[in-house]
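Student: sequence plus predicted model, see below.
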Amino acid sequence: MNTFPQLHPAMNAVIIGASGAIGQAFTQRLLANPQINRLFCFSRSFCGQLIQQQSSGSKQTSGEIDLESEASIDRMGQQLKGVPLDLVIIASGLLHDGDLQPEKSLRNLKAIQMQRLLQVNTIAPALIAQQLLPNMRKGQASIFAVLSARVGSISDNHAGGWYSYRVSKAALNMLLKTLSIETQRRLPKAIVTGLHPGTVDSALSHPFQRNVPRGNLFTPEQSADYLLGIIGSLTPEQSGRVFAWDGTEVPP
Ligand SMILES: NC(=O)c1ccc[n+]([C@@H]2O[C@H](COP(=O)([O-])OP(=O)(O)OC[C@H]3O[C@@H](n4cnc5c(N)ncnc54)[C@H](OP(=O)(O)O)[C@@H]3O)[C@@H](O)[C@H]2O)c1
């Protein structure tokens, strides 16, 4: 069981993208964690108003979010207005969707594709930060973590391709660095971080798993455990950086 020694002993957490493979694994793990007081789970597939889970005494509350709608992100912020938060994890992301597939070459690039990936992977996390960072508990440590990807590293780009996804994750990493600087002024104990989950068995990675060496494809639960371990060890001095599942820093 992961612990978060730097966070409040009765912590409130938010997961955005709670329907995804890694998002579900985070939800499961956090719900089972006695340090969690309230867990707010948002996903495109959870409908309408905030819904307290049926079973009495449940810590989970679910709500809907569409990351391609600014109004929907604002609504999520309104629903959580005044709730003190200790941990926000954005576990959503987009790589492919029907005809929208990662570009093998410049010839495949389409503006609409790059716009959608930037909206979901970069702009939505920025708008979520705008809504939720004001809720982070003052005078205490808090963590705002977003799932990024190693392919967002500029210096580690040896293979090329996947223009829109790479650009969206590189821009996300810059967003997080910039956010960390502003956040540090108001909330010196807050930590803003990007996380690379490894290659994880999910709908997002499914079409690209063929060349992944045996043993290198994590289950979502394995990856969530690694990442929650990292979250529990982060210090404010590490804010603004991106860390991989094994604790190593992903270079900018
Ligand atoms: N899997 C990997 O190997 C891998 C590797 C590196 C980085 N990552 C990153 O890890 C994160 C999670 O990936 P995953 O593997 O768990 O993928 P996944 O199972 O496909 O989950 C993606 C999540 O994003 C949500 N989402 C996408 N577009 C949305 C929108 N417009 N509005 C609201 N929600 C939206 C999905 O919601 P719906 O359920 O409603 O579609 C789902 O909850 C992503 O940021 C990904 O880039 C994954």
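Tutor: Perfect, thanks for sending it.

Student: please name the residues that touch the residue of the stretch 51-200 of the chain found nearest the ligand.
Tutor: Using C-beta to the nearest ligand atom, the closest approach of the stretch 51-200 of the chain to the ligand is made by Gly93 at 2.1 Å. Where C-beta positions appear, they are placed from N, C-alpha and C, glycine not excepted. If a contact means C-beta atoms under 8 Å, 6 or more residues apart in numbering, then Gly93 has 17, 20, 120-121, 147, 149, 204 as its contacts.

Student: mind doing that once more with 6 Å?
Tutor: Residues in contact with Gly93 (C-beta atoms under 6 Å, 6 or more residues apart in numbering) are 121, 147.

Student: quick check, it in a helix?
Tutor: No. Gly93: not assigned to a helix; according to DSSP: H, G, I helix; E, B strand; the rest coil it is coil.

Student: for the helix or strand hosting Ile181, packing partners?
Tutor: Here Ile181, judged by DSSP states H and E, is contained in helix 163-186. On a contact count with 3 or more C-beta pairs under 6 Å, 6 or more residues apart in numbering; DSSP states H and E, helix 163-186 meets helix 111-118, strand 190-196.

Student: and Thr3, how many neighbours?
Tutor: Neighbours of Thr3 under the rule other C-beta atoms under 10 Å: 12.

Student: quick check, the one helix or strand Gln130 maps to touching the ligand?
Tutor: Element membership for Gln130, per DSSP H and E: helix 124-132. No. Taking C-beta under 6 Å from any ligand atom as the criterion, helix 124-132 and the ligand are apart, separated by no less than 7.3 Å.

Student: contact partners of that helix?
Tutor: Contacts of helix 124-132 (C-beta under 6 Å, 6+ apart): 67, 73, 77, 88, 90, 146, 175, 179.

Student: in ChimeraX, select just the buried ones from the residues you listed.
Tutor: The following ChimeraX line selects those of those that are buried, judged by 16 or more other C-beta atoms under 10 Å:
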select :67,73,88,90,146,175,179
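
Student: restrict the contacts of helix 124-132 to those near the ligand?
Tutor: Filtering the contacts of helix 124-132 for proximity to the ligand by C-beta under 6 Å from any ligand atom leaves Leu67.

Student: Throw the contacts of helix 124-132 into CSV and include distance to Leu195, thanks.
Tutor: Formatted as CSV, these follow (distance: C-beta to C-beta, whole Å):
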residue, distance to Leu195
Leu67, 18
Ile73, 21
Gly77, 22
Val88, 12
Ile90, 10
Val146, 7
Leu175, 14
Leu179, 15
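
Student: next step: the contacts of helix 124-132 restricted to strands.
Tutor: Among the contacts of helix 124-132, the ones falling in strands (DSSP state E) are 88, 90, 146.

Student: what does the stretch 101-250 of the chain have sitting close to the ligand?
Tutor: Within the stretch 101-250 of the chain, the positions near the ligand by C-beta under 6 Å from any ligand atom are 120, 147, 149, 196-197, 199-200, 202-205.

Student: of all these, which two lie farthest apart?
Tutor: Pairwise distances across these peak at 19.7 Å for Val120 and Thr199 (criterion: C-beta to C-beta).
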